[in-house]
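Peer 1: Just to be clear, the model below is a prediction. Sequence and coordinates:
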Number of protein chains: 2
Amino acid sequence: MSGIFGRRRSLLITNVVADNRTVDIFVDDNGTIAGIGEGVRKNHRGEADFIIDGNGALALPGLVNTHTHAAMTLLRGYADDMILQDWLSQKIWPLEAHLTGNDVYWGTKLACLEMIRSGTTAFNDMYFFMEDAARAVDESGIRAVLSYGFIDLFNAEKRENECRATERLAAHIRSLYNPRIKTAVGPHAIYTVSPEGLEWCAEFAREQEIGIHIHLSETEKEVNDCIAQHGKRPAALLDDCGILTPRTVAAHCCWLDDAECTLLGRRGVSVSHNPASNMKLATNRAMPYRALSGAGANTCLGTDGCASNNNLDMFGEVKIAALLQKFYWNSPTLLPAPEALAMATVNGAKALGFGTGTLAAGAPADIILVTARAACNTPLHNATSNIVYSCSGGSVETTICNGRVLMLNHEVPGDEEVLSGAAGAALGLVKRAHSA
Amino acid sequence: MSGIFGRRRSLLITNVVADNRTVDIFVDDNGTIAGIGEGVRKNHRGEADFIIDGNGALALPGLVNTHTHAAMTLLRGYADDMILQDWLSQKIWPLEAHLTGNDVYWGTKLACLEMIRSGTTAFNDMYFFMEDAARAVDESGIRAVLSYGFIDLFNAEKRENECRATERLAAHIRSLYNPRIKTAVGPHAIYTVSPEGLEWCAEFAREQEIGIHIHLSETEKEVNDCIAQHGKRPAALLDDCGILTPRTVAAHCCWLDDAECTLLGRRGVSVSHNPASNMKLATNRAMPYRALSGAGANTCLGTDGCASNNNLDMFGEVKIAALLQKFYWNSPTLLPAPEALAMATVNGAKALGFGTGTLAAGAPADIILVTARAACNTPLHNATSNIVYSCSGGSVETTICNGRVLMLNHEVPGDEEVLSGAAGAALGLVKRAHSA
């Protein structure tokens, strides 16, 4: 079967369970789901270059991780259990000061491998050296929206540099002509980017018809400082700068009040809930899911970077999201399993705009198969409940993105090379930082 | 290598990482760790019946799950996202009314398989038909403390029945002469057991020198009702009945006040924190870890039953515990990774009294190997951090309990039979309940 991994071919996936029905799926050699249903096997058997026996596995659309700093996989476990400011200033920033493009390449390769293994086929990334991240994503075969972390620190000269860096990345990504890779502008947050910088980002995104990726109201301090400085809350400030659009993904959003939720809903913003990171760093408030979804915002899920999570497993994230919403908002009926899973699939896909997130004829073939022959899916009273509350990323046996098989029965070609390359880059980075 | 699974033999495990050192481990044919260190390979190579190449894996003591209702694996995903009282009265109890001993046997077999796969080698269980649970544990090869759920509903006749059932189970477990299986008394909770019932349980446990397994202050309602009825808080009531001892495991303990934490510490009680279940059922308060551990209570971890979690993966639980403590108590430094891991290993082992929970010469050989060749352990800046925050139960490749190999490189003999037996039992149970 090793030939199945190379370039894209047509695929017939037999005997999988999707939406509680046993079906077959035919993927044409354009990477599109050409048929899904009970009669598909009969109609397409002759055509398919490869047949994958699903063996009763649950078929889902590839999961979508809407907030990452992928290359921070290199910092996994480097520093934990610290106060945010100490953690950043004593551990994370000193290490990041020594990051190279090669580090970001290997860190992103590792992130892509981890995502392929745990069923994520698209992610929304903000970091540095994003041309190197793009190379890693290109090779890995999954989808990404890549943004350069725009941080001007309220300095006009720095702002110019950040604008040029953002333009260069956009031009570079365009030059790749890779339908799996898009760019977005990445104004980091209101406390690191000036209003002028935010306005430039909004305008550039509008012109280029690309997305916006920003952190919003992760901590109470951000809100209090914003009110003290600007006399308004963060979402209102962002709206004044034109940042709140249907192409915007706002990460965290722990400390939004009701009026801000209404505003985000009215602007059609996508909100990336990052529950594990929020819990680990003790943000002390959970994203107001009910208010946001009630207001019409597009609620989705993200893992955040591996320094504050410390993995990229969206199965873990979807469970923690469903648990945290219930616990924090004191309601066991809040964020039921189907809504939690929608955050990680159809809603996330809508946020990134690749047209994925659903298993339907005509949709791009981003498909994952979750084994049914494991304790986490036994018994199978309710597949969605098992996916959300019982399975982990390790239950994914096969991952297909854009019609290309990236993992088959837990086999990912070249994985050992990625693990050792990333481990070496991480060691080198720590060595450089410690000897500096 | 298939001969490795049968009866116990001596084992040499080479090239594993324990406490940040690369070591070998020799297990004698009594199931005891006879040597651990760098020179072990040389000294014992000739002796070992089998050699396991650890290949750089992380070696840990088998994890200990201190609060389960194991056979509730059969209810996994049967009902979620409901208000506690509706969930119990409309879904869980009607199904449980149809449970048979055969169901409990298969449900416990499934639970043991899931625990073996995710690195748990001992658990503390409370349920019904516990002779059948004992048979499942015996066959599975792991350790358990089994208690019959004693529920007298404040009725003298029922109480007599529960006392006799508890005595019968104790006699049965004794008759097995299986060092891996112990019994405990299982007074369910103060709202289901009369003070007379609690006193009988305390006295019986003292006489028999066995443990006590009880639910304590899971919900605020339990506390408020107790104060209204008895004029004291639940821990004080239990203490009056003699229930708080160093052999006692109290599960949940979300709503303890400071005085109760001090009391549990003074009595040397083990407290089983069940964060996933508490979050899912929206208990609205997290176990006061700092106060309890400060008072000297033995803090450990449990998954609770699969109806309210919905799996038995202690890796997931240890991460959620470390996250929830930080989030709820608003301190990112609370429950750091080493302490969280201790809850799942040495503290849990102390609670159950099997002498496990440590990798040291002379200790029983309950050993798990966690693969180092995976994204979750790349890079390996800090093994404990990776175990707690990054790995999942699927990272466990080999599980050894009492010197017997139960899983080797993800292979568990007979696992397909357990999955299909349990799936069949679950279907039959639902069918009986729905046709009743």
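Peer 2: Alright, I've got the coordinates.
Peer 1: How many residues are close by the closest residue to chain B within chain A?
Peer 2: When distances are taken as C-beta to the nearest C-beta, chain A reaches nearest to chain B at residue A:394, 2.9 Å away. Every residue, glycine included, has its C-beta placed from N, CA and C. By other C-beta atoms under 10 Å in any protein chain shown, 27 other residues sit near residue A:394.
Peer 1: and what of residue A:82?
Peer 2: Residue A:82 has 16 neighbouring residues, counting by other C-beta under 10 Å.
Peer 1: I'd like the distance between it and residue B:8.
Peer 2: Using C-beta to C-beta, to the nearest Å, one gets 44 Å for the distance from residue A:82 to residue B:8.
Peer 1: what's downstream of the helix or strand residue A:136 falls within, the next helix or strand?
Peer 2: Per DSSP states H and E: residue A:136 is located in helix A:130-140. As assigned by DSSP H and E, the chain's next helix or strand after helix A:130-140 is strand A:143-150.
Peer 1: which residues touch the residue of chain A closest to chain B?
Peer 2: Residues near residue A:394 by C-beta atoms under 8 Å, 6 or more residues apart in numbering or on different chains: A:117, A:118, B:392, B:393, B:394, B:395.
Peer 1: thinking again about what came up before, I'd like the distance from the helix holding residue A:136 to the chain centre, please.
Peer 2: Between the centre of helix A:130-140 and the centre of its chain there are 15 Å (C-alpha atoms, centre = their mean, to the nearest Å).
Peer 1: what ranges do the strands span in the stretch 301-436 of chain A?
Peer 2: Along the stretch 301-436 of chain A, counting by DSSP state E, counting those that start in this stretch, strands occupy A:367-370, A:396-401, A:404-407.
Peer 1: Pick the most buried one from those.
Peer 2: strand A:367-370 (a mean of 28; mean count of other C-beta atoms under 10 Å in any protein chain shown).
Peer 1: residue nearest the centroid of chain A?
Peer 2: Centroid-nearest residue in chain A: residue A:65, 1.9 Å away (criterion: C-alpha atoms, centre = their mean).
Peer 1: so who does the residue nearest to that residue when sequence neighbours are not counted touch?
Peer 2: Once flanking residues are discounted, residue A:65 sits nearest to residue A:123: 4.2 Å by C-beta to C-beta, 6 or more residues apart in numbering or on different chains. Residues near residue A:123 by C-beta under 8 Å, 6+ apart: A:64, A:65, A:66, A:68, A:70, A:111, A:115, A:142, A:143, A:144, A:145, A:312.
Peer 1: now the third one, what's its secondary structure?
Peer 2: The three-state label for residue A:66, taken from DSSP: H, G, I helix; E, B strand; the rest coil, comes out as strand.
Peer 1: quick revisit: ranking by neighbours, what's the top pick from the contacts of residue A:123?
Peer 2: Using other C-beta under 10 Å as the neighbour test, the contacts of residue A:123 are led by residue A:111, with 36 neighbours.
Peer 1: That one contacts residue A:313, correct?
Peer 2: No. Using C-beta atoms under 8 Å as the test, residue A:111 is too far from residue A:313 to be in contact (11.5 Å).
Peer 1: just to revisit the earlier point, distance of the residue nearest to the centre of chain A from residue A:317?
Peer 2: 8 Å.
Peer 1: so what sits against both of the two?
Peer 2: Here residue A:65 and residue A:317 share the contacting residues A:301, A:302, A:303, scored by C-beta under 8 Å, 6+ apart.
Peer 1: okay, now the first one: neighbour count?
Peer 2: It stands for residue A:301. Residue A:301 has 30 neighbours, counted by other C-beta under 10 Å.
Peer 1: Also the last one?
Peer 2: Other residues near residue A:303 come to 32 when the count uses other C-beta under 10 Å.
Peer 1: Relative to residue A:70, how far out is it?
Peer 2: Distance, residue A:303 to residue A:70, by C-beta to C-beta: 10 Å.
Peer 1: And for the second one?
Peer 2: With distances taken as C-beta to C-beta, residue A:302 is found 11 Å from residue A:70.
Peer 1: dump the residue contacts of residue A:395.
Peer 2: Shown in contact with residue A:395 (C-beta under 8 Å, 6+ apart): A:315, A:370, A:371, A:374, A:376, A:377, B:394.
Peer 1: Compare those residues and tell me which is most surrounded.
Peer 2: Comparing these by number of neighbours (other C-beta under 10 Å), residue A:376 comes first, having 28 neighbours.
Peer 1: now the helices: where do they sit in the stretch 301-436 of chain A?
Peer 2: Secondary structure of the stretch 301-436 of chain A by DSSP state H, counting those that start in this stretch: the helices cover A:314-328, A:337-342, A:348-352, A:383-385, A:415-435.
Peer 1: list the helices and strands the shortest one packs on?
Peer 2: Contacts of helix A:383-385 with other secondary structure elements, assessed using 3 or more C-beta pairs under 8 Å, 6 or more residues apart in numbering or on different chains; DSSP states H and E, are made with helix A:337-342.
Peer 1: Tell me the helices and strands packed up against the helix it packs on.
Peer 2: Going by 3+ C-beta pairs under 8 Å, 6+ apart, helix A:337-342 lies up against helix A:314-328, helix A:383-385.
Peer 1: returning to that earlier point: quick one: the strands of the stretch 301-436 of chain A as a markdown table, columns for distance to chain B and mean pLDDT too.
Peer 2: Formatted as a markdown table, the strands of the stretch 301-436 of chain A follow (distance: least, C-beta to the nearest C-beta, whole Å; pLDDT from 0 to 100):
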| stretch | distance to chain B | mean pLDDT |
| --- | --- | --- |
| strand A:367-370 | 12 | 98 |
| strand A:396-401 | 10 | 98 |
| strand A:404-407 | 12 | 97 |
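Peer 1: helix/strand/coil for residue A:95?
Peer 2: What three-state DSSP gives for residue A:95 is helix.
Peer 1: that older thread, okay, the helices of the stretch 301-436 of chain A in TSV with mean pLDDT next?
Peer 2: Formatted as TSV, these follow (pLDDT from 0 to 100):
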stretch	mean pLDDT
helix A:314-328	98
helix A:337-342	98
helix A:348-352	98
helix A:383-385	98
helix A:415-435	97
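Peer 1: still on that earlier bit, which of the contacts of residue A:395 lies closest to residue A:250?
Peer 2: Using C-beta to C-beta, residue A:315 is the member of the contacts of residue A:395 that lies nearest residue A:250, at 23.5 Å.
Peer 1: Correct me if wrong: that closest one contacts residue A:389.
Peer 2: No. With contacts counted by C-beta under 8 Å, residue A:315 stays clear of residue A:389, the gap being 9.8 Å.
Peer 1: Report how far apart the opening and closing residues of stretch A:380-390 are.
Peer 2: This stretch, stretch A:380-390, spans 11 Å end to end (C-alpha to C-alpha, to the nearest Å).
Peer 1: Could you do stretch A:236-247 as well?
Peer 2: End residues of stretch A:236-247 are separated by 17 Å (C-alpha to C-alpha).
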